[in-house]
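**Student:** 3D model of this:
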Amino acid sequence: MNVNGSRPACLYNDPSVFVKTEFDTGSPDASMSTVLWAKTQQLQEDAFRQLQNIYGDHFPLEARHHLAPWLEQNFTTELDLANPQHEEHAQRLVLELVAQLESKAMEMTDFLIKNKLEQIVENFKQRYAHNPLSLYQTVQQCLNSEMHLVQRSEGVGVDPGTAMANDTIYQIQQQLNMLKKSTQECGVEIEKTRQMQEHHSINFYKHHQISVQLDSGQFQENSQEYLRWKEWRDKVAAELRQSFNNLKLQTSTLANRHLDMIKQVKELQYRVLDQELNKWKREQQLSGNGAPFSNNLDTIQKWCEDLAEIIWLNRQQIRQLEMIQEGLNIPSQETSMNILPELSDGLNVLLDSLVKSSFVIEKQPPQVLKTNTRFSATIRLLVGTKLNVHMSPPVVTASIISESQANSLLRAGHTKKTSSGDIVNNKQTMEYHQATGQLSVSFRNMSLKKIKRAEKKGTESVMDEKFALLFWSEFSIGNGEFHYQVCAPSLPVVVIVHGNQEPHAWATILWDNAFAEWGRQPFLVPEKVPWIQVANTLNMKFKASCGRGLTEENLKFLAGKAFSFRNMGYNADCSNLMITWSQFCKEPLPDRSFTFWEWFYAVMKLTKEDLRGMWIDGALLGFVSRQQAEEFLQASEVGTFLIRFSDSELGGVTVAWISLNEDTNQKEVAMLQPFTRKDLMIRSLPDRIHDCHQMILLYPAIPKDQAFGKYYSSPPETVPRNTRNGYVPHHLVNVIPGLSNFAQAPGPRERNGQLPRHSGNILLRPPVSALG
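**Tutor:** You can find the predicted model right below:
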């Protein structure tokens, strides 16, 4: 390292890895801005090594270097992949990234660099062909981690969560590297010890031969020749005693070194499997509720493979030490102090735990599972390649198990015959993917044909009953020395037979994903939880489905509805209140035939399918009570309107506006009868608002054409006749009965205070008004 602490120009000892400290002068991109990469190359050596671990094989640093300007220009903007437009843009970026890298490879004159870039391109195509967005997310994560490393080196504040994640990656990789180095050093020492033992065996044989000569009577006892042979035997015997003691000491020292190393492996394996892999599983579960999922399974696989290699090499070394000890003929009273068998057993336990824990469900099956409907899942064996399981790929079988069967599995271990239903296409052979080094299997055409349900208790319904898909396999490693049965239960699933069961089924899954404790008895969940946790879960789910999260005001409204605070208003502080499962999705809301969850789910579904763009734009006030809506509009000018979700109509949205009663000269609030999905499929909400000239300004004071103009279907002003049949085309227009199109006064209302509306088929005969 240089005196000033910066990295030396040569970053790698491995000549096959090539990263320059400056750009090629002949590159057309050399003059472009590469601020981040320039700072990255000034990192200290330890920090840069940490960066190497972050990038790894899934996006090599060579690609980062040669595409530095283009990457920083195109991948530093956060995209919402739940937004179809953003998703399409991300896919275009991925295609362009590969094209840019191919172009760079063609420009290169250096054979090694050219070959390396071509390998990276081929690897990208094979690894990410079926999931290009995964490459986009990988690049973004790498760039974000790189930026945080640079900021930390400059003393700039870094998000603690990201910094901790980067530190964890670095620390684990450092520990693995140290263990690899120690294993390698032990291997060298064992080889030296083996050579010492061979030399000891030769001397032992030599001593035996000399003794035979002396005892044969060939020499007179005190003759010069006898004394010379005797002296030689005594010398060899002294050497044997010395080498024997040296070998005992050396094997004991190496055994103790392995004992220390195995303790370190055990601690590190606990960190990888019980912390990092379980953290990945928990994030995977929360992603079912819409939480972001970093999905660092490739990194975890690399750790597991390194652990498998370290454990396997240590097993071989322990066996070599045992063979050396066997060759020493150590007295039986001394062998009781031998720790090698204990070390071997300890390594076998670690290997068993690693193999069984690394059989994971990479892509979970759907958690609401409809019978006779095709579904998919992906299983991966993280250590399959390293332990050569891919040489004879095992078959994986899927079955569905009930809650009681899941409990039996937890207590008694794996049984093949466990099942509560019939799944077709439930057997597949694992495949080795050379480009990614992964051993996995994708079930693409499974279907649940029959399900056996348990007896219901009390108010339980079939949508409360949870099952799990169990994936299991068996295989051998080490030429049949070890035989494993492995299994992986999926996240809980609810089985339905009809679409109308879906809302309640999703309530069961949402509650389980959010509030299940890790390591719980299947499938226990708390009966009540703090409202603040439920609010966070609803916000997460709504944001993932609809593109924008809920505000504090929205969540206060939802709390008021969930707790039925009609008298206290919707702004009561509920943060410290507990909400029960029954309140959440069992008990009907006051004066309604549906529950809180059914109302929320219907609103979320309507927003996702028909109002998503407007919700993201903020054009929907949405979660506001009738009373609040009236208060907002009474304080606004005539013609102001707002859009809110209906309290009375499940999955309905209504428009309220302020008008002037010409008789009383008083402002009055009118509300349209709610629109449902069926209505909005006939004519969109923006077009219906455009039809109603009573509505001028979107609350608080945004011209409606400015707010909704981009959503209008925009029929032409004049519509020519069809020349073949003479008919004039027509379209549907929203009409409010009892009100002139330009009237300000409210017309007749239904008993609930909402104005009826209908859509009419109006023949357009230019230039007559469509509403005439």
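**Student:** where do the helices sit along the stretch 251-400 of the chain?
**Tutor:** 278-287, 297-328, 332-335, 340-357 (DSSP state H, counting those that start in this stretch).
**Student:** Would you identify the least confidently predicted of those, using mean pLDDT?
**Tutor:** In terms of average pLDDT, helix 332-335 trails the rest of the helices of the stretch 251-400 of the chain, at a mean of 58.
**Student:** picking up where we left off before, please identify the most buried of the helices of the stretch 251-400 of the chain.
**Tutor:** helix 297-328 (a mean of 20; mean count of other CB atoms under 10 Å). To be clear about C-beta, it is placed using only N, CA and C from the backbone, and glycine gets the same treatment.
**Student:** Average pLDDT for stretch 108-126, rounded please.
**Tutor:** 84.
**Student:** Please name whichever of the helices of the stretch 251-400 of the chain is nearest to Q126.
**Tutor:** For Q126, the closest of those is helix 297-328, at 13.7 Å, according to CB to CB.
**Student:** Who are the packing partners of the closest one?
**Tutor:** Applying 3 or more CB pairs under 8 Å, 6 or more residues apart in numbering; DSSP states H and E, one finds that helix 297-328 contacts helix 160-215, helix 224-269, helix 340-357.
**Student:** from the middle of its chain, how far away would it be?
**Tutor:** 30 Å (CA atoms, centre = their mean, to the nearest Å).
**Student:** Same question for stretch 618-630.
**Tutor:** Per CA atoms, centre = their mean, the centroid offset for stretch 618-630 relative to its chain is 35 Å.
**Student:** Mind listing what's buried along that stretch?
**Tutor:** 619-626, 628-630 (16 or more other CB atoms under 10 Å).
**Student:** In contact with L538, which residues?
**Tutor:** By CB atoms under 8 Å, 6 or more residues apart in numbering, L538 lies in contact with 550, 555, 558, 600.
**Student:** Of all pairs in those, which one is the farthest apart?
**Tutor:** Using CB to CB, the contacts of L538 reach their maximum pairwise distance at L555 and F600, which is 11.5 Å.
**Student:** picking that back up, so which of the buried residues of stretch 618-630 are in helices?
**Tutor:** Among the buried residues of stretch 618-630, DSSP state H puts 626, 628-630 in helices.
**Student:** Could you point out which of these is nearest to D691?
**Tutor:** A629 (20.8 Å).
**Student:** separation between the closest one and D647?
**Tutor:** Separation of A629 from D647 (CB to CB, to the nearest Å) stands at 10 Å.
**Student:** Check L611 too.
**Tutor:** On the measure of CB to CB, L611 and D647 end up 17 Å apart.
**Student:** again with L558
**Tutor:** 12 Å.
**Student:** again, but for S103
**Tutor:** Taken as CB to CB, the span from S103 to D647 is 58 Å.
**Student:** Give me the more crowded residue out of these two.
**Tutor:** Taking other CB atoms under 10 Å, S103 and D647 do not tie; D647 has more neighbours (17 against 12).
**Student:** Excluding sequence neighbours, find me the nearest residue to the more buried one.
**Tutor:** Counting by CB to CB, 6 or more residues apart in numbering, D647 lies nearest to R626, which is 6.6 Å off, once chain neighbours are set aside.
**Student:** Quick check, that neighbour in contact with A670.
**Tutor:** No - contact status for R626 versus A670: not in contact, 11.8 Å apart, counting by CB atoms under 8 Å.
**Student:** Overlap of the contact sets of these two?
**Tutor:** A656.
**Student:** residue ranges with poor pLDDT in the stretch 451-600 of the chain?
**Tutor:** Across the stretch 451-600 of the chain, the ranges flagged by pLDDT under 70 are 458, 565-573.
**Student:** any chance you could map the helices in it?
**Tutor:** Using DSSP H, counting those that start in this stretch, helices in the stretch 451-600 of the chain cover 502-515, 531-546, 552-562, 581-585, 596-606.
**Student:** Count the residues that sit near Q220.
**Tutor:** Using other CB under 10 Å, Q220 is surrounded by 10 other residues.
**Student:** what about it, distance to R228?
**Tutor:** 12 Å.
**Student:** now swap in S404 and tell me
**Tutor:** S404 is 85 Å from R228, by CB to CB.
**Student:** Check I169 too.
**Tutor:** I169 sits 68 Å away from R228, going by CB to CB.
**Student:** Compare the two (neighbour count), which wins?
**Tutor:** Taking other CB under 10 Å, I169 and R228 do not tie; I169 has more neighbours (19 against 11).
**Student:** now the more buried one, nearest residue through space, not along the chain?
**Tutor:** Nearest one to I169, counting by CB to CB, 6+ apart, is N53 at 5.5 Å.
**Student:** so the one you found, which of the three states?
**Tutor:** Under DSSP: H, G, I helix; E, B strand; the rest coil, N53 falls in the helix class.
**Student:** Surely D691 touches S713?
**Tutor:** No - assessed by CB under 8 Å, D691 is found out of contact with S713, at 11.0 Å.
**Student:** Among the two, which residue is more densely surrounded?
**Tutor:** A direct count of neighbours by other CB under 10 Å for D691 and S713 places D691 higher, at 19 against 10.
**Student:** Nearest residue to the more buried one in space, please, no chain neighbours.
**Tutor:** D691 sits nearest to N734 (CB to CB, 6+ apart), 3.9 Å away.
**Student:** Correct me if wrong, but Q694 is in a helix.
**Tutor:** No - per three-state DSSP, Q694 lies outside any helix segment and is coil.
**Student:** Need phi/psi at it.
**Tutor:** phi -70, psi -20 (degrees, to the nearest 10).
**Student:** got it, and V653?
**Tutor:** Dihedral angles for V653 - degrees, to the nearest 10 - are phi -130, psi 140.
**Student:** Appreciated, that's everything.
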